[in-house]
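Novice: sequence and predicted structure are below.
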Amino acid sequence: MRIAAVDVIVTCPGRNYVIVKITTDDGVVGWGDATLNGREQSVVAYLREHVAPLLVGRDATRISDIWQYLYRGSYWRRGSVAATAIGGVDIALWDIAGKVAGLPVYRLLGGRARDGVTIYGHASGTDIDGAVADVGDFLARGYRAVRVQALVPGLTSNYGLRHGTGLTYEPAAGELPDEETWDSAAYLDFVPGLMKRVREEHGYGFHLLHDVHHRLSANEAAQLGRSLEPYRMFWMEDPTPAEDQAAFRLIRSRTTTPIAVGEIFSGIWDCQLLISERLIDYIRVAVPHAGGITHTRRIWDLADLYGVRTGSHGPGDVSPIGIAAALHLDLVAPNFGIQEYMGHLDPAGEVFRAGYSYGEGMLDLGDAPGIGVEVDEDAAARYPYSPKYLPVARLADGSMHDW
Ligand SMILES: O=C(O)[C@@H](O)[C@H](O)[C@H](O)CO
Ligand SMILES: [Mg+2]
């Protein structure tokens, strides 16, 4: 079974997605997700110009070799653009493998280790009362885990505020990046009171999460972790810019609040120290951005060795194909922790026919062979690429800060 064609589709049903379509010489089609929010077209060029010509004619069953060929063979290793391009190809090849076998990918990976995948949703508010009420809405829908973010007093907007009333939202909205302001001191003063109110109103019978979005110094993160200890957080996410893995030694030594990191990592080397020194509790790599199923599985296996569990990144900028790829691994992994899920904007449902379903705070996959998500190419063509960027953040004096 040889690869006959590698095509790349870019579509914007509310936000941009990069879809890899691999067709074999006997007509089997596999779909992969190679979406990199705000840098989509660089992955498209990487795939079209440099990857597709290398793959045509290769044996589509040699998934592991193709991964190594694209990673080692490029000479220039690492980086999100390359990892996402390889990830998209890898997911598509697993889709083909499942379709040929007539089995869902999780059966090829060893079969179910659990009945379903526990997810967390994104609650938020423009003040504490609104955020507390929103957490209640998620609990009423059956969610067993909820992330909560709220507008920090004194700021006009900040990361993680959902617009509208649906479960989802898209923060990459501007044709150029919106500029937001940030104030770490105001944030550190505010967040403990938010979590206190959430626990007072809703109790401790669910998992409570919070995303710091890479904004604090290591010492500030330690302060935050300590101040949140009474509220028994499931995790505090991305407390500092995580290029500096060693900074987590300081955070870890000063707080017992669990730590989750890794949504912008592109491979195992980005988290080798974090995992092997047990500096984190959850590894958050996204399957498409960490080289696909083949490589994410290796990261998760390393994590299992050190008692680190999984918390796969699942925002709206991971397409339903990428979410489904994560769900296959989630069902199988011995060290599964939780899966992020914030759904997708309605038009995405016209492009992606996803086979996973929601019930009582969990997602589950059916028995569809392969990854279990099909793409309607006519619908995709109705939503052409449209430039969209995540915001950026500056301090009051105009300095750039992490968004
Ligand atoms: O944990 C999350 O879902 C976020 O950090 C988003 O992935 C990020 O803001 C890009 O949309
Ligand atoms: Mg995050």
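Specialist: It's in. Numbers count the residues shown, from 1 in each chain. Ligands and ions are numbered 1, 2, ... in the order given.
Novice: for the helix or strand harbouring Asp189, which helices and strands make contact with it?
Specialist: Assigned by DSSP states H and E, Asp189 belongs to helix 184-202. With contacts taken as 3 or more C-beta pairs under 8 Å, 6 or more residues apart in numbering; DSSP states H and E, helix 184-202 sits against helix 128-140, strand 145-150, strand 207-211, helix 218-228. C-betas here are computed from N, CA, C, even on glycine.
Novice: out of those, which is closest to ligand 1?
Specialist: Proximity to ligand 1 (C-beta to the nearest ligand atom) singles out strand 207-211 among these, at 5.0 Å.
Novice: how far does the closest one sit from the chain's center?
Specialist: Computed by C-alpha atoms, centre = their mean, to the nearest Å, the separation of strand 207-211 from the middle of its chain amounts to 15 Å.
Novice: tell me, what's the model's pLDDT at the most centrally placed residue in the chain?
Specialist: The chain has His313 as the residue nearest its centroid, 2.2 Å off, counting by C-alpha atoms, centre = their mean. The score at His313 is 98. That number is its pLDDT.
Novice: how about the contacts made by it?
Specialist: Shown in contact with His313 (C-beta atoms under 8 Å, 6 or more residues apart in numbering): Gly262, Glu263, Arg284, Val285, Ala286, His289, Glu340.
Novice: among those, name the ones in helices.
Specialist: With helices identified by DSSP state H, none of the entries of the contacts of His313 belong to them.
Novice: just send these back as JSON lines, with distance to ligand 1 and neighbour count too.
Specialist: Formatted as JSON lines, the contacts of His313 follow (distance: C-beta to the nearest ligand atom, whole Å; neighbours: other C-beta atoms under 10 Å):
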{"residue": "Gly262", "distance to ligand 1": "10", "neighbour count": "28"}
{"residue": "Glu263", "distance to ligand 1": "5", "neighbour count": "24"}
{"residue": "Arg284", "distance to ligand 1": "8", "neighbour count": "26"}
{"residue": "Val285", "distance to ligand 1": "12", "neighbour count": "29"}
{"residue": "Ala286", "distance to ligand 1": "8", "neighbour count": "29"}
{"residue": "His289", "distance to ligand 1": "10", "neighbour count": "29"}
{"residue": "Glu340", "distance to ligand 1": "6", "neighbour count": "25"}
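Novice: what are the boundaries of the helices in the chain?
Specialist: Secondary structure of the chain, counting by DSSP H: helices at 40-45, 52-55, 63-72, 80-101, 105-108, 128-140, 184-202, 218-228, 247-254, 272-276, 292-305, 320-332, 348-351, 377-381.
Novice: alpha carbons only: can I get the longest one in CSV?
Specialist: Read it as helix 80-101. In CSV, the C-alpha atoms belonging to helix 80-101 read as follows (Å, rounded to 0.1, in the frame of the first residue of the first chain):
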residue,chain,number,x,y,z
SER,A,80,6.5,23.7,16.3
VAL,A,81,6.2,24.1,12.6
ALA,A,82,8.1,20.9,11.8
ALA,A,83,6.5,18.9,14.6
THR,A,84,3.0,20.0,13.5
ALA,A,85,3.7,19.1,9.9
ILE,A,86,5.0,15.6,11.0
GLY,A,87,2.1,15.3,13.4
GLY,A,88,-0.5,15.9,10.7
VAL,A,89,1.1,13.2,8.5
ASP,A,90,1.4,10.8,11.4
ILE,A,91,-2.3,11.1,12.4
ALA,A,92,-3.4,10.6,8.7
LEU,A,93,-1.2,7.5,8.5
TRP,A,94,-2.8,6.1,11.7
ASP,A,95,-6.2,6.9,10.2
ILE,A,96,-5.3,4.8,7.2
ALA,A,97,-3.9,2.0,9.3
GLY,A,98,-7.2,1.8,11.2
LYS,A,99,-9.3,1.9,8.1
VAL,A,100,-7.4,-0.9,6.5
ALA,A,101,-7.6,-3.0,9.6
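Novice: distance between it and the chain's centre?
Specialist: 16 Å.
Novice: hang on, the earlier thing: just put the helices and strands packed on helix 184-202 in JSON lines and tack on mean pLDDT.
Specialist: Below are the helices and strands packed on helix 184-202 laid out as JSON lines (pLDDT from 0 to 100):
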{"stretch": "helix 128-140", "mean pLDDT": "97"}
{"stretch": "strand 145-150", "mean pLDDT": "98"}
{"stretch": "strand 207-211", "mean pLDDT": "98"}
{"stretch": "helix 218-228", "mean pLDDT": "98"}
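Novice: just say which of those is most tucked in.
Specialist: Highest mean neighbour count among the helices and strands packed on helix 184-202 (mean count of other C-beta atoms under 10 Å): strand 145-150, with a mean of 24.
Novice: JSON lines for the helices and strands packed on helix 184-202, including distance to ligand 1?
Specialist: Formatted as JSON lines, those follow (distance: least, C-beta to the nearest ligand atom, whole Å):
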{"stretch": "helix 128-140", "distance to ligand 1": "15"}
{"stretch": "strand 145-150", "distance to ligand 1": "8"}
{"stretch": "strand 207-211", "distance to ligand 1": "5"}
{"stretch": "helix 218-228", "distance to ligand 1": "16"}
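Novice: report the closest residue of the stretch 201-350 of the chain relative to ligand 1.
Specialist: As assessed by C-beta to the nearest ligand atom, ligand 1 sits closest to Pro315 within the stretch 201-350 of the chain, at 3.6 Å.
Novice: against Arg252, how distant is that residue?
Specialist: Separation of Pro315 from Arg252 (C-beta to C-beta, to the nearest Å): 26 Å.
Novice: so, low pLDDT: which residues of the stretch 101-250 of the chain?
Specialist: Scanning the stretch 101-250 of the chain for pLDDT under 70 picks out 164-165.
Novice: how about the residues of it by ligand 1?
Specialist: For the stretch 101-250 of the chain, the contact set with ligand 1 under C-beta under 6 Å from any ligand atom comprises Pro171, Asp211, His213.
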